[in-house]
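>>> Sequence and predicted model, in that order:
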Amino acid sequence: MEPDPAAVGASSSPPTASPQGQLQPQPQDRDECAAVEVERADPASPDRCAAGGDQKSAPQPSPQQQPAGEDAAASCEVDEEQQQKLETEAVLEAGETLRIFMEEFGDEGENSLVLSPRLKEIATPDRPAALHFLGEKYNSLVERYKQQVVKCADECAPRYDSLKKKYTDECAERKRLYNELIELRGNIRVFCRCRPLSSDEVTRGCSSVVEINPSQETELQFVPSEKERKVFKFDHVFGPEDDQEAVFSETVPVVRSVMDGFNVCIFAYGQTGTGKTFTMEGVPENRGVNYRALEELFTMSEERKTSIAYTFSVSILEVYNEKIRDLLDESNDQSKRLDIKQSADGTQEVPGLIEAPIYNIDGVWEKLKFGARNRSVGSTNANELSSRSHSLVRVTVRSEHLVTGQRSRSHMWMVDLAGSERVGKTGVEGDRLKESQFINKSLSALGDVISALASKNSHIPYRNSKLTHLLQSSLGGDCKTLMFVQISPSSTDSGETLCSLNFASRVRSVEHGPARKQADPAESLKFKQMSEKLRHEEKENAQLNQSLQLMQLKYASRENVFRTLNEKVKDAEQACKNYQQRIRELENELGNERKAARDSSRSSRPPLVPMRQRQPQGRNNNYPPPSGPSRSRLSKAPTIQNKENLPVMMNKAHPGADNNAVGKARRVSLTPVIRQIPIQPKRRSSMAILPSVSEQLSVLNEKRAASRLSHAHMPRRSVAAFGSIPPTPLAGCGTVDATPDGAKLRRIDFGSSSKFTSPPPMLGVRNKMVTPQQKLGVAAAGGPGNTSKLCFSIQKRVLVSSPSRAKPSVPSGMGIFNQALREQVVVGRTGKALRVVNKKRRQSVI
Ligand SMILES: Nc1ncnc2c1ncn2[C@@H]1O[C@H](COP(=O)(O)OP(=O)(O)OP(=O)(O)O)[C@@H](O)[C@H]1O
């Protein structure tokens, strides 16, 4: 308990120290102490001490001042002296205690007011001084604490401000994220609003069954009885004390979406008389969501007018007894029938519905008032002005971006549903009853749609009522939907309240996908065409890409082939170089050998045998020795001079021919030296006994006759043997007998060249298969025993030239010594080989 500063201040003089070092109370203090002594009954009370101080004006009369007798006076004096003595001793003793107390107190801490245990020991006369001391101390401490608090507050203020700001920011961020989450989930947002108890309900003594904690703005507790308590969660809960402005402040974000091109739907649902019309329309002095939303749209339009141009129009309609009525129709034509049609972009339209343009907020209010006047309203037990229809206000917002030219068209539906009601409770009959039935039927259809949406059914029964059909895109489409569930707090309505809360919870669980920005239909068409064109171009591009890839593949494969061919050409060139090199080497070797042979022939003696009897080695071939000049030349035994002159002659006869080769060869033939014949690469030679001229002629004649009769084609590659080869078992199979003259044609292979191992088909045996055994038989038949028979083979390749040495072109018929035969055939050159062709038949001839 804080001591009274006034009382403490009354004894403000501090105690003084005696010359002995003891604290002595001041004279004033003494008086006070005397007063305290008077008030000994309550020594702890400073007030009393202070009050005692006031009594010094009426001090107790001392014994000396008493006008009594001397005896009595003497005894009194003694008593007084004794008393004084005792008091002095007590004071002295007390002063010492006080001094100790003060010292201890001071030691215990400057900043503490904890009473020392010594305080109790202080004698009563010293207590005022102790209290005075404590008072002083208290004052100084208070002053010090005050300063510390101010200093602390100064230090903490910025920190507090920043923390406060952080907290506010976090709250805003949390809310934004929550809203984003809701948008992503595509849930319908649900606000719950509870109206206050009406005066009638209060009179009837109804209690509230709803508890709302202001700190828990998303939670509502339904408490129909003491034992029952149910918690409902919504996106926001408004209590009876929340006004229209508070409600709209939470609605604004949804309303603003319509300005960004989103479709929006706000509707109020609940039992009759719970404040749906109050929330949506409001009263003139306290306007509701409809008016405030339009006001917000105009405000935003004004704010954005530099970048976006907005135009607004409004339509108001009602669904009354499952009929749509245009509330802006001034003619109030009841026969006018309005129906719901689905537009090209999938939204629900009411053709013929008036769409009134609005330019300012005054115009809006006029239209809303006009629509509300036309609305069907009736009186029921539950509500004097009960809405007997569902009222729908549709605001169309068109926007055009002034920079990009982007256009959009979006709708905002604001729906005040008719209230659900229990017919018995509302006491309706006649037309009101019929209205109630229609209202309940359409609300039940709404419940079915919500249930189907919540359980993600494939079929949603939108068309079961006009109301659900109109709200199709709002409930399950791509728009932002906000529902106000209106409830009554009254205990008499607890049943209906519970139903409404359950329904709202179900609605809240509906997910209908994220909202989508709406483009202007004209813009949509344009974009559609553009997308079509784009898709077509993409298709073409894909085809072009495909063909390009094919071409690239082809190119790559061709490049590969080209590279391989290049490599092959290089290899071939390399091989050619190697061959040339080898040929050069061989030529050198040959030159050396010839030189050696020439040298040796010079030194050796001439042969004993005449030259004409010796076959020169160079003539070792299949052809008969020529009968021309060369033969006569060889038959002569040339002189040394002639031999020496021969190269010169040859040079004259064949300019460009290898002089050394000709001259040297002839010299070699004259020498007894066995020289090594250099290996001619790819040289072929046919080793066969040549027939005599007469035999050749007879064979050719036979052949000619056979070819005339059989018209048999000669195979291009043929090897045949001429001669009278005796019939073999092969003749039996028709290979030989097939020829008219029974020419016995057999191939006798002397194995001169491995390239000739494959025998060609025989003459006159066209298209006849010959087995290897048969071939062998033929060979056996014409074997060594028949070598006396003249046979020869004329091959396609009869002469093989060295690749390195340029051969003179072989004249036609060269190598065929028979004049008649030579005239009939053509010997051509194919690469390194000569080809013999019959001139008349243009076929290979044997
Ligand atoms: N939040 C509120 N604060 C004050 N009064 C309210 C509130 N809500 C409703 N009321 C009052 O309750 C009465 C009934 O309200 P209202 O007509 O809006 O109910 P309703 O749900 O539209 O009924 P119905 O479905 O029959 O049309 C009105 O007189 C209205 O002023």
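Cool, got the structure.
>>> hey, let's count contacts and neighbours off CA atoms from now on
Will do.
>>> Nearest residue to the one residue in the stretch 401-550 of the chain that gets nearest to the ligand in space, ignoring adjacent ones along the chain?
Per C-alpha to the nearest ligand atom, the residue of the stretch 401-550 of the chain with the smallest distance to the ligand is Gly419, at 3.5 Å. Of all residues not flanking Gly419 in the chain, Thr272 sits nearest, at 4.0 Å (C-alpha to C-alpha, 6 or more residues apart in numbering).
>>> Please tell me how far that neighbour sits from Ala418.
Taking C-alpha to C-alpha, to the nearest Å as the criterion, Thr272 is separated from Ala418 by 7 Å.
>>> Please say which of the two ends up with more neighbours.
Neighbour count, other C-alpha atoms under 10 Å: between Thr272 and Ala418, Ala418 has more, with 30 against 26.
>>> Surely the more buried one forms part of a strand?
No: assigned with DSSP: H, G, I helix; E, B strand; the rest coil, Ala418 falls outside any strand and is coil.
>>> what sits up against the host helix or strand of Ile316?
Secondary structure from DSSP states H and E places Ile316 in strand 308-320. The contact list for strand 308-320, computed with C-alpha atoms under 8 Å, 6 or more residues apart in numbering, reads 301, 324-328, 353-359, 368, 371, 375-376, 388-402, 435, 466-467.
>>> ok, back up a step: please read off the pLDDT at the residue nearest to Gly419 from the model.
On pLDDT, Thr272 comes in at 87.
>>> how close does it sit to Asp339?
27 Å.
>>> With Val397 instead?
22 Å.
>>> do Tyr269 as well
24 Å.
>>> And these two? Which one has more around it.
Tyr269 (25 against 16).
>>> I figured that one hits Thr497, correct?
No: with contact defined as C-alpha atoms under 8 Å, Tyr269 does not count as touching Thr497 (11.3 Å).
>>> Now for the two: what residues contact both?
Common neighbours of Tyr269 and Thr497 (C-alpha under 8 Å, 6+ apart) do not exist.
>>> name the helices or strands packed onto the longest helix seen in the chain?
Across the chain, the longest stretch assigned as helix under DSSP state H is helix 521-603. Judged by 3 or more C-alpha pairs under 8 Å, 6 or more residues apart in numbering; DSSP states H and E, helix 521-603 is in contact with strand 407-416, helix 659-670.
>>> can you rerun that using 7 Å?
With contacts taken as 3 or more C-alpha pairs under 7 Å, 6 or more residues apart in numbering; DSSP states H and E, helix 521-603 sits against no other helix or strand.
>>> Could you pull up the mean pLDDT of it?
Mean predicted lDDT for helix 521-603 stands at 91.
>>> Could you pull out the helices in the stretch 151-300 of the chain for me?
Counting by DSSP state H, counting those that start in this stretch, the stretch 151-300 of the chain has helices at residues 199-204, 244-257, 276-280, 289-303.
>>> next helix or strand past the host helix or strand of Glu435?
Secondary structure from DSSP H and E places Glu435 in helix 431-454. Using DSSP H and E, the helix or strand that follows helix 431-454 in sequence is helix 466-470.
>>> Contacts for that following helix, please.
Residues from elsewhere that reach helix 466-470 (C-alpha atoms under 7 Å, 6 or more residues apart in numbering): 319, 322, 348, 442, 445-446, 462-463.
>>> Where does pLDDT dip in this protein?
Along the chain, segments meeting pLDDT under 70 span 1-78, 84, 86-123, 185-187, 377-385, 423-429, 513-524, 604-846.
>>> Alongside the ligand, which residues does it contribute?
195-196, 240, 272-278, 383, 385-387, 418-419 (C-alpha under 6 Å from any ligand atom).
>>> Neighbour count says what about the residues you listed? Which are buried?
Buried residues within the residues of the chain next to the ligand, counting neighbours by 16 or more other C-alpha atoms under 10 Å: 195-196, 272-278, 386-387, 418-419.
>>> For the nearest residue in space to Ser389 that is not next to it in sequence, the count of nearby residues, please.
Spatial nearest neighbour of Ser389, excluding adjacent residues (C-alpha to C-alpha, 6+ apart): Tyr320 at 4.7 Å. Residues within reach of Tyr320, counting by other C-alpha under 10 Å, total 21.
>>> again, but for Tyr178
13.
>>> outside of the host helix or strand of Leu482, which residues touch it?
Using DSSP H and E, Leu482 falls within strand 480-487. Residues outside strand 480-487 that contact it (C-alpha under 7 Å, 6+ apart) are 188-195, 263-271, 274-276, 474-475, 497, 500, 504, 515.
>>> try stretch 279-299
Counting by C-alpha under 7 Å, 6+ apart, residues outside stretch 279-299 touching it are 244, 248, 255, 278, 360-361, 365, 414, 416.
>>> could I get it in CSV with only the CA atoms?
What follows is stretch 279-299, C-alpha atoms only, in CSV (Å, rounded to 0.1, in the frame of the first residue of the first chain):
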residue,chain,number,x,y,z
THR,A,279,-28.3,-6.6,-46.4
MET,A,280,-28.7,-6.4,-50.2
GLU,A,281,-30.9,-3.3,-50.7
GLY,A,282,-30.8,-1.7,-47.3
VAL,A,283,-32.9,1.3,-46.3
PRO,A,284,-32.5,4.8,-47.7
GLU,A,285,-30.6,6.0,-44.6
ASN,A,286,-28.6,2.8,-44.4
ARG,A,287,-28.0,1.5,-47.9
GLY,A,288,-27.1,-2.1,-48.7
VAL,A,289,-24.6,-4.0,-50.9
ASN,A,290,-26.4,-3.2,-54.2
TYR,A,291,-26.0,0.5,-53.9
ARG,A,292,-22.6,0.5,-52.3
ALA,A,293,-21.2,-2.0,-54.9
LEU,A,294,-22.3,0.3,-57.8
GLU,A,295,-20.9,3.3,-55.9
GLU,A,296,-17.6,1.4,-55.7
LEU,A,297,-17.7,0.6,-59.4
PHE,A,298,-18.1,4.3,-60.3
THR,A,299,-15.3,5.3,-57.9
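>>> buried residues in it?
Within stretch 279-299, the residues scored as buried using 16+ other C-alpha under 10 Å are 279-282, 287-298.
>>> among the contacts of helix 466-470, which ones are buried?
319, 322, 348, 442, 445-446, 462.
>>> and which of those residues is nearest to Gly135?
Closest to Gly135 out of those is Leu446 (77.8 Å), distances taken as C-alpha to C-alpha.
>>> Now do the contacts for the closest one.
Contacts of Leu446 (C-alpha under 7 Å, 6+ apart): Thr468.
>>> next one: Val393
Applying C-alpha under 7 Å, 6+ apart, the residues contacting Val393 are 315-317, 413-415.
>>> Now Asn276. Nearest residue, chain neighbours left out?
Wrong residue type there; residue 276 is Lys, not Asn. Ala268 (5.5 Å).
>>> what about that neighbour, distance to Arg422?
For Ala268, the distance to Arg422 - C-alpha to C-alpha - is 18 Å.
>>> Of these two, give the one with the bigger neighbour count.
Ala268 (26 against 16).
>>> Which residues does that one form beta bridges with?
Asp416, Phe484 (DSSP bridges).
>>> quick one: contacts for it?
276, 415-417, 483-486.
>>> Need the max-distance pair from the residues you listed.
Val415 and Gln486 (13.2 Å).
>>> Spatially nearest residue to whichever residue of the stretch 51-200 of the chain sits closest to the ligand (excluding sequence neighbours)?
With C-alpha to the nearest ligand atom, the shortest gap between the stretch 51-200 of the chain and the ligand falls at Arg195, namely 4.1 Å. Leaving out its chain neighbours, the residue that sits closest to Arg195 by C-alpha to C-alpha, 6+ apart is Pro240, at 4.8 Å.
>>> Go ahead and confirm the one you found touches Cys192.
No: when contacts are counted by C-alpha atoms under 7 Å, Pro240 is not listed as touching Cys192 (10.9 Å).
>>> distance of Glu296 from Ser399?
For Glu296 relative to Ser399 (C-alpha to C-alpha), the value is 16 Å.
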